[in-house]
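Asker: Pasted the sequence and its predicted model underneath.
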Amino acid sequence: MAGIAVGFTVVPQGMSYANIAGLPAVMGLYGAFLPVLIYSVFGSCRQLGVGPVAVTSGLIYSGLEGLVPGYDKVSNPNEPGDLAGVQEAYNKTVIQLAFLVACLYTAVGALRLGFLIRFLSHPVITGFTSGAALTIAAGQIKYLLGVSYKKQDTLQGELYNIIQQLIAGKFVWQEFVMGLMILLFLTSLKFLHRRYPKTIFLKAMGPFIACVVGIIVVVATNNSSGKGPIKIVKNIPQGLPHFTVGDWAPIPNIGSLLPVAFIVMAVDMLESTSIARALARKNKYELAFNQEIVALGLANFAGAMFNSYSTTGSFSRSAINNSCGAKTQLSGFVTSMIVMCVLLFLTPVFRLMPYNTMGAIIISGVITLVEFGVARELFRVHLRDFFVWLVAFLVTTFAGVELGLMCSIILSIAILILEASFPHTAVLGRVGKSNVYRSVERYPDAHTMPGIVALRLDAPLFFANTVHFNQRIYDHLKQGDIQAREAGLPGVKFLVVDLSPVTRSDSSGAHMIYDLAVDLANKGVQLVLSNPRHKLIRMLERIDIYSVLPQHWVFVHTHDGINAAIAAMDDGEMA
């Protein structure tokens, strides 16, 4: 049942998403055939629905349109006319891109580099996909209005062209009425499913039903030739995809293709593995992460071998698989067989599919990816993550998907560097009469001891943050001197540093501790270390730390170190 539902969903979606990528509709069907079949054999996620997706299609178009001379003049990839050679060159470039994406998947899987994708945080991806989805949806409005113009990479570009076409009086009311009715039908099925979850199969069949209705309207209005007011696909080759390994090489513009391939692979991998992890967690089984990467790579290799473009896991089709009770990738196999039957027997029927129906299916599908709810939650929970989401969304929407993703990644890495370089330090105080010491900011009742400053370094200690930590330590010592004098003491005599959060350190961190011990000793302040990790102690021993910091001032517990400092102050000792 799940495979059948997804099969009837992916046929119209695949054709529509190929249009977003600037490709003939049949290449979307090819992408829903062999890649799905290969993933069903090698994938470890039992419910993941693989195939063409909207965001990847938009990335491919925005990344490749400028690489093929003359492609900007192609208005219909299904019927390029005199520009058939240009369209063929673009199709070949897309296949080469799929091959490079497959190679990158293989490299990431073989070298276990999947951790690099973690630099694309959840706010980055949701902001980017929201902006891309909004731009894609705006780009489909022209099909509902019956107007024609070159695709744009930005929301304002799409809206400007739509307004220009309407002012010029090129609005086709038949297209608008038909497209709007189909869009309302698909939207009503989604609302029906929210209220009655058991109608998931009806929702899954929605795009296929819309496609059938659109074809019936075309036939009923004698518009089968495509010369009437309703534009149709017209040309979908019948049969299975042909062998395209010969298109893999040479790649004359590989320098321009590689960045696009990396972006497509990164977004696809994060999207697909995120869906797979959520499904595995929900269905209580273990996901083989590296196997997932390899399976996606093999699926893309299969697509590149047989005239398809890059594919990945789909949110909507995976949700259908899961809701319809899929327990194995047999559902993926069934889906691929349905697509194969369509390719072999039904393409003459699907050539009658109206463009307004394709536009309505795309708008209905991608609008759910515009996640303003995530933005509201981030604004409430974490303002920095909301800012990252907002930058990703706005730049993607108004400057294009490639620039939006690059700016989002740069912003995420910049925030990561800033957080690593300027970590938190906490002044510790004793909670009541216990042996527990906590931050005085979070525990106002925690009390400090005049003449003793207890600090906790809340991050690994390495070259990027040693200067910041050193500065913060001396800032707290100055504040401790003021408090000590208010208590009638000459100043701070002991600095107790809790190193328990310092899980890692490098030579710069070790030398910072060494230099700190020397400088404090010259100022009459004794450094006390508590709970250092074994590796850090070994590193400190190699630089002869005990020559400047007696070993008896290194403790396992902060409480023991402070007690020793209090005893030394009472006895008037410093070493």
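Answerer: Everything's here; your move.
Asker: okay, CA-based contacts and neighbour counts for the rest of this
Answerer: OK.
Asker: can you pull out the strands in this structure?
Answerer: 49-51, 312-314, 425-430, 437-439, 452-457, 494-498, 526-530, 554-555 (DSSP state E).
Asker: which other residues reach the last one?
Answerer: Taking CA atoms under 8 Å, 6 or more residues apart in numbering as the criterion, the residues outside strand 554-555 that touch it are 528, 529, 530, 531, 561.
Asker: Most tightly packed of the strands of the chain?
Answerer: Mean neighbour count (mean count of other CA atoms under 10 Å) peaks for strand 49-51 among these, with a mean of 32.
Asker: how distant is it from the center of its chain?
Answerer: Remark: strand 49-51 is offset 17 Å from the chain centroid, using CA atoms, centre = their mean, to the nearest Å.
Asker: Can you list the strands that that strand pairs with?
Answerer: Applying DSSP bridges, strand 49-51 is found paired with strand 312-314 (antiparallel).
Asker: what does the strand it pairs with rub up against?
Answerer: With CA under 8 Å, 6+ apart as the test, strand 312-314 has contacts from 48-53, 268-269, 271-273, 275, 296.
Asker: of the residues you listed, closest to residue 363?
Answerer: residue 53 (12.7 Å; CA to CA).
Asker: picking that back up, among the contacts of strand 312-314, which ones are in helices?
Answerer: Among the contacts of strand 312-314, the members falling in helices (DSSP state H) are 268, 269, 271, 272, 273, 275, 296.
Asker: For the residue most central in space within the chain, give its distance to residue 566.
Answerer: For the chain, residue 125 is the residue whose C-alpha lies nearest the centre (CA atoms, centre = their mean; 3.4 Å). Distance of residue 125 to residue 566, computed by CA to CA, to the nearest Å: 52 Å.
Asker: With residue 255 instead?
Answerer: Separation of residue 255 from residue 566 (CA to CA): 66 Å.
Asker: These two - which one has more neighbours?
Answerer: Higher neighbour count among residue 255 and residue 566: residue 566, with 19 against 9, using other CA atoms under 10 Å.
Asker: And the pLDDT for the more buried one?
Answerer: Note for residue 566: predicted pLDDT of 92.
Asker: what's the answer for the one 4 residues further on, then?
Answerer: Confidence per residue is given as pLDDT, and for residue 570 that number is 80.
Asker: Repeat that for residue 327.
Answerer: Confidence at residue 327, expressed as pLDDT, is 85.
Asker: residue contacts, it?
Answerer: Applying CA under 8 Å, 6+ apart to residue 327 gives the contacts 46, 47.
Asker: now it: how far from residue 20?
Answerer: As judged by CA to CA, residue 327 and residue 20 stand 32 Å apart.
Asker: So for residue 364, which of the strands of the chain sits nearest?
Answerer: The closest of the strands of the chain to residue 364 is strand 312-314. By CA to CA, the value is 14.4 Å.
Asker: Please state the offset of that closest one from the chain centre?
Answerer: Counting by CA atoms, centre = their mean, strand 312-314 is centred 12 Å from the centre of its parent chain.
Asker: show me the contacts for the residue nearest to the centre of the chain.
Answerer: Shown in contact with residue 125 (CA under 8 Å, 6+ apart): 267, 392.
Asker: Go again with 10 Å.
Answerer: Residue 125 sits next to 131, 267, 270, 271, 388, 389, 392, 393, 405, 408, 409 when contact means CA atoms under 10 Å, 6 or more residues apart in numbering.
Asker: Quick check: the first one touching residue 402?
Answerer: Translated: residue 131. No - look at residue 131 against residue 402 with CA atoms under 10 Å: they stay out of range, at 11.2 Å.
Asker: Return every residue with contacts to both of these two.
Answerer: Common contacts of residue 131 and residue 402 (CA under 10 Å, 6+ apart): 395, 396.
Asker: quick one, which of those two is more surrounded?
Answerer: residue 131 (33 against 23).
Asker: Model confidence for the more buried one, exactly?
Answerer: 91.
Asker: Same question for the one 3 residues further on.
Answerer: The pLDDT attached to residue 134 in the predicted structure is 93.
Asker: Give me the distance between it and residue 127.
Answerer: Separation of residue 134 from residue 127 (CA to CA): 11 Å.
Asker: got the contact list for residue 426?
Answerer: Going by CA under 10 Å, 6+ apart, residue 426 touches 438-442, 454-458, 472-473, 476, 497-498.
Asker: er, residue 121 actually
Answerer: By CA under 10 Å, 6+ apart, the contact set of residue 121 is 127, 270, 385, 388, 389, 408, 409, 412, 413.
Asker: Same question for residue 419.
Answerer: Shown in contact with residue 419 (CA under 10 Å, 6+ apart): 413, 459, 465.
Asker: Over to residue 93?
Answerer: By CA under 10 Å, 6+ apart, the contact set of residue 93 is 64-65, 67-68, 87, 99, 247-248, 251-254, 257, 309.
Asker: I'd like the distance between the closest residue to residue 390 other than its chain neighbours and residue 120.
Answerer: Here the nearest residue to residue 390 in space, its sequence neighbours aside, is residue 127; by CA to CA, 6 or more residues apart in numbering that works out to 6.4 Å. With distances taken as CA to CA, residue 127 is found 11 Å from residue 120.
Asker: Which of these two has more residues huddled nearby?
Answerer: Higher neighbour count among residue 127 and residue 120: residue 127, with 33 against 19, using other CA under 10 Å.
Asker: quick one: the more buried one and residue 407 touch, right?
Answerer: No - look at residue 127 against residue 407 with CA under 10 Å: they stay out of range, at 11.4 Å.
Asker: joint contacts of the two?
Answerer: Residues touching both residue 127 and residue 407 (CA under 10 Å, 6+ apart) are 388, 391, 392, 395, 396.
Asker: burial of the fourth one, as a residue count?
Answerer: Spelled out, that is residue 395. 23.
Asker: And the second one, by the same measure?
Answerer: Here the count is done by other CA under 10 Å, and residue 391 has 22 residues near it.
Asker: contacting residues for it?
Answerer: Residue 391 sits next to 123, 124, 127, 128, 131, 385, 397, 404, 405, 407, 408, 411 when contact means CA under 10 Å, 6+ apart.
Asker: pretty sure residue 216 contacts residue 178?
Answerer: No - if you go by CA under 10 Å, residue 216 and residue 178 don't touch, sitting 11.8 Å apart.
Asker: Those two - which one has more neighbours?
Answerer: Using other CA under 10 Å, the more surrounded residue of residue 216 and residue 178 is residue 178, with 20 against 15.
Asker: residues touching the residue nearest to residue 94 when sequence neighbours are not counted, list them.
Answerer: Spatial nearest neighbour of residue 94, excluding adjacent residues (CA to CA, 6+ apart): residue 309 at 6.1 Å. Residue 309 sits next to 18, 21, 23, 27-28, 30-32, 35, 51-52, 56-57, 60, 91-99, 101, 300-303 when contact means CA under 10 Å, 6+ apart.
Asker: likewise residue 449?
Answerer: Taking CA under 10 Å, 6+ apart as the criterion, residue 449 is in contact with 428, 429, 430, 480, 483, 484, 487, 492, 562, 566.
Asker: and the least confident of the residues you listed?
Answerer: Least confident entry in these, by pLDDT: residue 487, with 89.
Asker: got the contact list for the residue lying closest to that residue once chain neighbours are set aside?
Answerer: Of all residues not flanking residue 487 in the chain, residue 450 sits nearest, at 6.7 Å (CA to CA, 6+ apart). Residue 450 is in contact with 480-489, 491-494, 566, counting by CA under 10 Å, 6+ apart.
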